[in-house]
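**Q** this is the structure alone, sequence omitted:
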């Protein structure tokens, strides 16, 4: 059943009338401006040559505002729901709405859609947690319906599988309110300006941090939650965002966070990018995860103690033989043989690559004779190789290709169950956005993480990974943490690794263990 928003019908209706009046005046002003522009253009055409007239027309078109034909999003809409989580009934409110982003003149730049789950009656006493997926072109559906929300899609689905949701026994809703954010270009969130302005306002790493910080501030202010304890959860690329957002809001926004949960974080972008011949970091970082994925297929137990020898090899003998170079045949033979044994790939292939295999190549070659490929996010997820004889791969990642049920489920939930109906397509993954987004490729998020932890001695940080995630390997985070001053992080920064891959939480036992570790972080952050 739909309920009124907190502002009340009367206030909202009055505001609508004001907005409508202002909108009408604005439309009249725009019509007058168009008339002036046409008169000026006509005079220009009479006085100058055709070439000059064309140039003048181009200049006027560039200077004139872009016509915005999009319908405004509806007002936030809420419904009441309840569920049984861990044997206890929980009553909550789901609200879907959008936060406008405007420039200093009040001009609309974009709209960010959120889905909030709140437990009424004790708003200020309960923490509030903002959650985002990564990409940077991914919406929040996976964290919402796969990890934190009160309902979840059962794992193991295919692209054509029915998007059926069940109660999520690992939901965080019993101990925190949840606000899932879809950045611009993902979900239903959208820009309201042209391509050039969109890139400038939203599609750089710095702009991304700025506007998402503003979204969080606005949500807290509009919902009277400034006094609540505040947390953030960010997966993958959002593990890179979160320390920067926390630092931005702490320094410039007047908002302090009690805890950050970084899920399979991409903390150091340059480390996992294209490397020159002298950088072993990428290969040593993925070796333990490739080994873990191979061992899991063989039925071996994955524990810190089991992976310790692999980590030690990656930090010692591997580096020595790597730096010896391909000109040292004995060193390359040793390295290649050891790597082949650990990751379960044909030794001939490994030696031909001098022991330097990308995750994609390793996961494909491991099962090439079977015509099967594994996902870089979780090697347990497999699919048939459509072109097994091709030298280079020509297939989509098995996990990403099976994400359609999330799109169907969240679209149905928002539009039909909550009743927040909009024109547009829900984008769980916007791959075009990946191509235009500008990262700070020479930067990491570790500097901001150090700064925000240094300036707030109570801030808690939980970094979580799956053993066999080769997209964002756990060992890279471990190496980064080892370089941080002990007196800075103390016991406030925890690294936990669970069975599974990038979305380790889709395994019930790993999701439960992660939830327990998160609850410990919340208790520490609240001083309990």
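**A** All right, it came through fine. This structure is a prediction, so every number in the text was calculated from the model and none was measured.
**Q** switch to C-alpha atoms for all contacts and neighbour counts from now on
**A** Fine.
**Q** which secondary element of the chain has the worst mean pLDDT?
**A** Within the chain, no helix or strand scores below helix 9-47, which has a mean of 34 by mean pLDDT, DSSP states H and E.
**Q** the protein - how does it break down into domains?
**A** 2-63, 98-156+163-269+427-525, 273-400 (automatic domain parsing).
**Q** just put those domains in JSON lines and tack on mean neighbour count and distance to residue 413.
**A** Shown next, in JSON lines, are the domains of the chain (neighbours: other CA atoms under 10 Å; distance: least, CA to CA, whole Å):
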{"stretch": "domain 2-63", "mean neighbour count": "13", "distance to residue 413": "14"}
{"stretch": "domain 98-156+163-269+427-525", "mean neighbour count": "20", "distance to residue 413": "10"}
{"stretch": "domain 273-400", "mean neighbour count": "18", "distance to residue 413": "21"}
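**Q** where does this structure dip in pLDDT?
**A** For the chain, the stretches flagged by pLDDT under 70 are 1-68, 122-123, 155-158, 272-277, 441-443, 527-528.
**Q** related to what we said a few turns ago, wait, which of the domains of the chain is closest to residue 407?
**A** Closest to residue 407 of the domains of the chain is domain 98-156+163-269+427-525 (CA to CA; 5.9 Å).
**Q** give me the distance between the closest one and the centre of its chain.
**A** Relative to its parent chain, domain 98-156+163-269+427-525 has a centroid offset of 7 Å by CA atoms, centre = their mean, to the nearest Å.
**Q** tell me the contacts of the spatially closest residue to residue 215 that is not a sequence neighbour?
**A** Once flanking residues are discounted, residue 215 sits nearest to residue 99: 6.6 Å by CA to CA, 6 or more residues apart in numbering. Neighbouring residues of residue 99 by CA atoms under 8 Å, 6 or more residues apart in numbering: 111, 112, 113, 114, 215, 218, 219.
**Q** in strands, which of these appear?
**A** 111, 112, 113, 114 (DSSP state E).
**Q** in the stretch 151-300 of the chain, which spans are strands?
**A** 151-153, 165-167, 177-182, 190-191, 230-235, 259-263 (DSSP state E, counting those that start in this stretch).
**Q** helices and strands around the shortest one, which ones?
**A** Of the remaining helices and strands, those touching strand 190-191 by 3 or more CA pairs under 8 Å, 6 or more residues apart in numbering; DSSP states H and E are strand 108-118.
**Q** could you redo the last one with a cut-off of 10 Å?
**A** If you count contacts as 3 or more CA pairs under 10 Å, 6 or more residues apart in numbering; DSSP states H and E, strand 190-191 packs onto strand 108-118, helix 195-202.
**Q** contacts for that strand next, please.
**A** Applying CA atoms under 10 Å, 6 or more residues apart in numbering, the contact partners of strand 190-191 are 70, 100-101, 108-113, 182-185, 197-199, 201-202, 424.
**Q** so what are the sheet partners of that strand and their directions?
**A** Paired with strand 190-191 in the same sheet, following DSSP bridges, are strand 108-118 (antiparallel).
**Q** one more: the first one?
**A** Paired strands of strand 151-153, with direction, are strand 165-167 (antiparallel) (DSSP bridges).
**Q** residues contacting residue 398?
**A** 158-159, 373-385.
**Q** can you check residue 372 too?
**A** Shown in contact with residue 372 (CA under 10 Å, 6+ apart): 363, 364, 365, 366, 382, 383, 384, 385, 386, 387, 388.
**Q** 6 Å instead?
**A** Going by CA atoms under 6 Å, 6 or more residues apart in numbering, residue 372 touches 383, 384, 385.
**Q** what sits closest to it if chain neighbours are left out?
**A** Ranked by CA to CA, 6+ apart and with sequence neighbours excluded, the top spatial neighbour of residue 372 is residue 384, at 4.5 Å.
**Q** in contact with the spatially most central residue of the chain, which residues?
**A** Nearest to the mean C-alpha position of the chain, by CA atoms, centre = their mean, lies residue 134 at 1.7 Å. Going by CA under 6 Å, 6+ apart, residue 134 touches 235, 236, 237, 238.
**Q** gap between the last one and residue 310?
**A** Summarising the geometry, the distance separating residue 238 from residue 310, computed by CA to CA, to the nearest Å, is 28 Å.
**Q** so what's residue 515 closest to, chain neighbours aside?
**A** Counting by CA to CA, 6+ apart, residue 170 is the residue found nearest to residue 515 once chain neighbours are left out, at 6.3 Å.
**Q** you'd agree residue 152 is up against residue 145?
**A** Yes. Counting by CA atoms under 6 Å, residue 152 does reach residue 145; the two are 4.2 Å apart.
**Q** now the ones in strands among the contacts of residue 99 in TSV, with distance to residue 139?
**A** Conversion of the ones in strands among the contacts of residue 99 to TSV gives the following (distance: CA to CA, whole Å):
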residue	distance to residue 139
111	14
112	11
113	10
114	10
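**Q** mind picking the two most distant members of those?
**A** For the ones in strands among the contacts of residue 99, the farthest-apart pair by CA to CA is 111 and 114; their separation is 9.8 Å.
**Q** give me the contacts around stretch 206-221.
**A** Contacts of stretch 206-221 (CA under 6 Å, 6+ apart): 201, 202, 226, 245.
**Q** hmm, I typed the wrong one, I wanted stretch 80-98.
**A** With contact meaning CA under 6 Å, 6+ apart, stretch 80-98 is reached by 76-79, 111-119, 169.
**Q** and that stretch, what's buried?
**A** By neighbour count on 16 or more other CA atoms under 10 Å, the buried set for stretch 80-98 is 80, 83, 85, 92, 93, 94, 95, 96, 97, 98.
**Q** specify which member of these is nearest to residue 517.
**A** Of the buried residues of stretch 80-98, the one sitting nearest to residue 517 (CA to CA) turns out to be residue 85, at 17.4 Å.
**Q** end-to-end on stretch 232-240?
**A** Stretch 232-240 end-to-end distance (CA to CA) = 12 Å.
**Q** now the strand or helix carrying residue 405: how far from the chain's centre is it?
**A** Using DSSP states H and E, residue 405 falls within helix 404-412. Computed by CA atoms, centre = their mean, the separation of helix 404-412 from the middle of its chain amounts to 17 Å.
**Q** what do you get for stretch 92-106?
**A** For stretch 92-106, the distance to the chain centre is 19 Å (CA atoms, centre = their mean).
**Q** could you provide the helices and strands packed on strand 190-191 in JSON lines, with additional columns for distance to residue 323?
**A** Shown next, in JSON lines, are the helices and strands packed on strand 190-191 (distance: least, CA to CA, whole Å):
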{"stretch": "strand 108-118", "distance to residue 323": "48"}
{"stretch": "helix 195-202", "distance to residue 323": "41"}
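**Q** so which of those gets nearest residue 492?
**A** The closest of the helices and strands packed on strand 190-191 to residue 492 is strand 108-118. By CA to CA, the value is 27.2 Å.
**Q** tilt between the closest one and helix 195-202?
**A** Inter-element angle recorded for strand 108-118 and helix 195-202: 40 degrees (by axes from the mean of the first three to the mean of the last three CA atoms, to 10 degrees).
**Q** angle of strand 108-118 against strand 177-182?
**A** Angle, strand 108-118 to strand 177-182, by the same axes, to 10 degrees: 150 degrees.
**Q** need the distance between the two termini of stretch 483-503.
**A** Using CA to CA, the end-to-end distance of stretch 483-503 comes out at 26 Å.
**Q** please apply the same query to stretch 431-446.
**A** 26 Å.
**Q** what does stretch 433-440 give?
**A** 16 Å.
**Q** please apply the same query to stretch 480-500.
**A** End-to-end for stretch 480-500, by CA to CA: 21 Å.
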